[in-house]
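No sequence on hand, only this structure:
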């Protein structure tokens with residue numbers, strides 16, 4: 001009975017420590033995902049602006 005209690009306590013502490021270690025990593029991954037989405041949105045906006053306002057002739061096709 002005493003061994004089971006010690007085992008449960010050790011597993012519980014291990015779980016808490018693992019959660020404390022991995023939580024910042026998960027948060028950082030979420031931040032990176034948001035930054036990638038924002039960068040993709042900005043790139044799309046810039047490309048749309050360039051297509052709309054910069055209609056330079058292609059000199060290689062002349």
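Done, it's in. Remember, predicted model here, so these are calculated numbers, not experimental data.

How far off centre is the one helix or strand residue 4 maps to?
According to DSSP states H and E, residue 4 maps onto helix 2-53. Offset of helix 2-53 from its chain centre (C-alpha atoms, centre = their mean, to the nearest Å): 6 Å.

Quick one: mean pLDDT for it?
Averaged across helix 2-53, pLDDT comes to 91.

Tell me which other helices or strands it touches.
Here helix 2-53 is seen to pack against no other helix or strand when contacts are counted using 3 or more C-beta pairs under 8 Å, 6 or more residues apart in numbering; DSSP states H and E. Yep, even glycine has a C-beta here, placed from its N, CA and C like the rest.

Okay, residue 29 and residue 14: tell me how far apart.
In this structure, residue 29 and residue 14 are separated by 22 Å, where distance is defined by C-beta to C-beta, to the nearest Å.

swap that for residue 28, please
Distance, residue 28 to residue 14, using C-beta to C-beta: 22 Å.

do residue 47 as well
For residue 47, the distance to residue 14 - C-beta to C-beta - is 49 Å.

Please report the number of neighbouring residues for residue 49.
Taking other C-beta atoms under 10 Å as the neighbour definition, residue 49 ends up with a count of 10.

Pull the contacting residues for it.
In this structure, residue 49 makes contact with no residue, judged by C-beta atoms under 8 Å, 6 or more residues apart in numbering.

how many other residues sit next to residue 4?
Here the count is done by other C-beta under 10 Å, and residue 4 has 8 residues near it.
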